[in-house]
Every structure is written in C-alpha cells, then in structure tokens.
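Asker: here's my sequence, what's the structure:
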Amino acid sequence: MNKTEMNSIILIPSYEPEGKLLNYIKELKQYGLSHIVVVDDGSGKAYQWVFQTLEEEGCIVLRHQVNLGKGAALKTGYNYIKETMPDYGCVATVDSDGQHASKDVDSLAKEAIGNPSALILGERDFKSKGIPVKSLFGNRITSAIFAMLYGIYLPDTQTGLRAFGPPLMDHMIGIKGCRFEYEMQVLITCIRLKIPIRTISIQTIYEQENEGTHFNAVVDSLKIMGVILSNFMKFFYSSIISSVIDISIAWVMLDFLRIFFAGEDFLRIICATAVARSISISVNYQLNKHLVFNDRQTGIHGVLRYLSLSVLIMLLSAVSVYLLHKRLLINEKAAKIICDMSLFFLSYHIQRRWVFQSKEI
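Answerer: As a prediction, this is how the structure comes out:
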C-alpha cells in the first residue's frame, strides 16, 4: 500500500442501506482504501444483516439506536476517528447510496493528504445527461444564493464526497447541525475561518432518479436554505432597525439644516447624513457584533474597522444622494433610500470578511 492508502479513512454515514453497499465497500478496497468506518444511523433490525456483514468484512461499524441525522452520524464517526485512530492522514466522507465512484474517493483522499488544512469537495457535473430536475434546480439555486452571500461560487454545495486532514477535525466536530443542513454549515464555517476550499471534478451518478436518497426535497431543502440565510437575515433585520433610525433622523435634519445651509445642498446633505449615521451606527455595531456575527474577539480593532467602514459608507451615501439629486433630479429623500439599499450588500460582505472576521467557530 502507498502512503495515501494507509492513512486514508473512509467514513460512511448510513441509514437503511441497500445490499449494494457491500459491493461498494469491496470496490473501495480494490483501491487500497481498507480503513472504513460506517455509522448505522438508527436503521433498525431489518438492516442489521448489512452492517453485520460489513463488520465481517473488516469495517468498523458504529451504531445509533435511533435516527439522529447525517450530521450527527458524521460527528459520531469523527469523534471515534479522533480518539482511536490518531495516525490518520485524512478522512473522506462518502454517501452510502452509490453516488460516488471509488476512483473519485481515491482521488479526493490523495488531494487531502497533500492539502491537510483544506476542505476538498467532490464536484459533480450538473451539465451531464440524466441529472434529476429537482437535483439540478436545487443545486443551481443554492449555489447562486450561496455565492451572493458568501462571495464564493461552489457549483456543488450539497456534495457528500468530501475530505480533509487532521488540522480540521476539531472544527468539523464543533460545527452545529445534526442532519443534512450540517454540510452546508461546514462550508459557511470554512469560509468564516478562511479555511481553503478546493474542488475536484467527479463522476456524476444518479441511479433510478436517485430514488434511494433519504433527502427530503422540501423539509431538508428548507433547513439548508435556513442555514444559508440565517446570518444574512439577522443582518437584514439589524440593518432595518438601524436604517429606520438613520433615515428618520436624516429626513428631520435635511429640513432643519436648510436655514443654516441655504444654497449649500452638498454641505447640508453631508451634515444631515453625519448626524443620522453617528447615532444609527452605534446601535448597528452592537446588534451586528452580538447578534449577527456572534463576535467575541474583536475589541478596539473591530470598533476601528467598523468606524472606518461606516465613514466610507456614509461618504458614498452622501455623494451618491447628491449626484442623484442634482444630476438626475431625484428627490433627495427618495435618493437616500435608493443609495442606502445599493450599499447594503457591500456593507454586509465587508463586515463579514473584515470587521467581524472569525477565528473560531
């Protein structure tokens, strides 16, 4: 065996597996991938013959008495590997429904051995023929929203074929989630912690329109979307509260300052924006720090970064309002709403990546 084969551990979460899992295990072993951990996620008595056969074939089988979900099964496997198999070079997670070719598992393991601090994803080609419509549509929508909110486009965010080295094990164990949404939370956490994500093209296999999957197209999709949108929606609500404060004060100040800045529209808009923003940002900072990004580390540096961003957004807002008001003859109050909405996504990404950058889960 080569180094990759000796140090690669294959982890397979399994719920009510079909007999073809036995043949799949034999295929993996043909590639020298013989260190295999299977988690029986509460499959019940009717499926115990499969797991007993796997044990006889040399696999390690861990059992849940009841179904806890894919995320919980993965973490059960991770904890076991960490405690009892300390010399592993990488862990490759594989679905039990036959969607992942053995040669692709081998390729992913080799990539993870060479890049132990990165998360390696097996990326399916959804342009190939025979892809179920629900899988194609679901992945396209999820990938687009994910890219918009997290700045990285991953064509296959729901792939179950993944691999990583020992440096990432504690992160994987600590990430929240028990069912299919766990894998999406893994991607988000890696981005937050600036863990590299690498992709490898793999064969796309869907047998019988993927009828054997335990993925609930409605319930599990909603949970996954909830994970993707969770922080953003908190940011949205925080921004709404702050914007109401900001716009209300700005509107009052725009009228009040006319008597002091007659004919000086630019200075009047700058001053009105500055007064309104200085009040609203103090509220927004506290909401974003404690409720949105759950930041426990950034001290004075985080405050300074936030203030710098606030000044930048304030200037962009003021200049944009002035230009829309003077050049396009748009009402200045309406112009402020337009400009602040346009700057919303810019502020979100800068706060996520720079102001409240995470160093822990």
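
Asker: for the rest of this, base every contact and every neighbour count on C-alpha atoms.
Answerer: Fine.

Asker: strands of the chain, residue ranges please.
Answerer: 8-14, 36-41, 60-64, 90-93, 119-124, 162-164, 197-202 (DSSP state E).

Asker: figure out the length between the terminal residues of stretch 286-294.
Answerer: End-to-end distance for stretch 286-294, by C-alpha to C-alpha, to the nearest Å: 10 Å.

Asker: check which residues of that stretch are buried.
Answerer: Under the neighbour-count criterion of 16 or more other C-alpha atoms under 10 Å, stretch 286-294 has Leu287, Asn288, Lys289, Val292, Phe293 buried.

Asker: ok, these vs Gly114, which is closest?
Answerer: Phe293 (32.3 Å; C-alpha to C-alpha).

Asker: coming back round to it: mind putting the strands of the chain into CSV with mean neighbour count, distance to Tyr306 and mean pLDDT?
Answerer: Output for the strands of the chain, formatted as CSV (neighbours: other C-alpha atoms under 10 Å; distance: least, C-alpha to C-alpha, whole Å; pLDDT from 0 to 100):
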stretch, mean neighbour count, distance to Tyr306, mean pLDDT
strand 8-14, 25, 42, 94
strand 36-41, 24, 45, 95
strand 60-64, 17, 46, 95
strand 90-93, 27, 39, 96
strand 119-124, 24, 30, 92
strand 162-164, 27, 34, 96
strand 197-202, 16, 27, 92
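
Asker: ok, now which ones touch the closest residue to Lys176 other than its chain neighbours?
Answerer: Of all residues not flanking Lys176 in the chain, Tyr182 sits nearest, at 6.6 Å (C-alpha to C-alpha, 6 or more residues apart in numbering). For Tyr182, the contact set (C-alpha atoms under 8 Å, 6 or more residues apart in numbering) comprises Lys70, Gly71, Ile175, Lys176.

Asker: in helices, which of the buried residues of stretch 286-294 appear?
Answerer: Judged by DSSP state H, helices contain the following of the buried residues of stretch 286-294: Leu287.

Asker: export the buried residues of stretch 286-294 as JSON lines, with columns for distance to Ser280 and pLDDT.
Answerer: Listed next are the buried residues of stretch 286-294 as JSON lines, based on distance: C-alpha to C-alpha, whole Å; pLDDT from 0 to 100:
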{"residue": "Leu287", "distance to Ser280": "11", "pLDDT": "84"}
{"residue": "Asn288", "distance to Ser280": "12", "pLDDT": "81"}
{"residue": "Lys289", "distance to Ser280": "14", "pLDDT": "82"}
{"residue": "Val292", "distance to Ser280": "16", "pLDDT": "77"}
{"residue": "Phe293", "distance to Ser280": "18", "pLDDT": "75"}
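
Asker: can you list the buried residues of stretch 286-294 in CSV and add distance to Gln48?
Answerer: Shown next, in CSV, are the buried residues of stretch 286-294 (distance: C-alpha to C-alpha, whole Å):
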residue, distance to Gln48
Leu287, 50
Asn288, 49
Lys289, 48
Val292, 44
Phe293, 44
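
Asker: among the buried residues of stretch 286-294, which one lies nearest to Asp40?
Answerer: Phe293 (35.0 Å).
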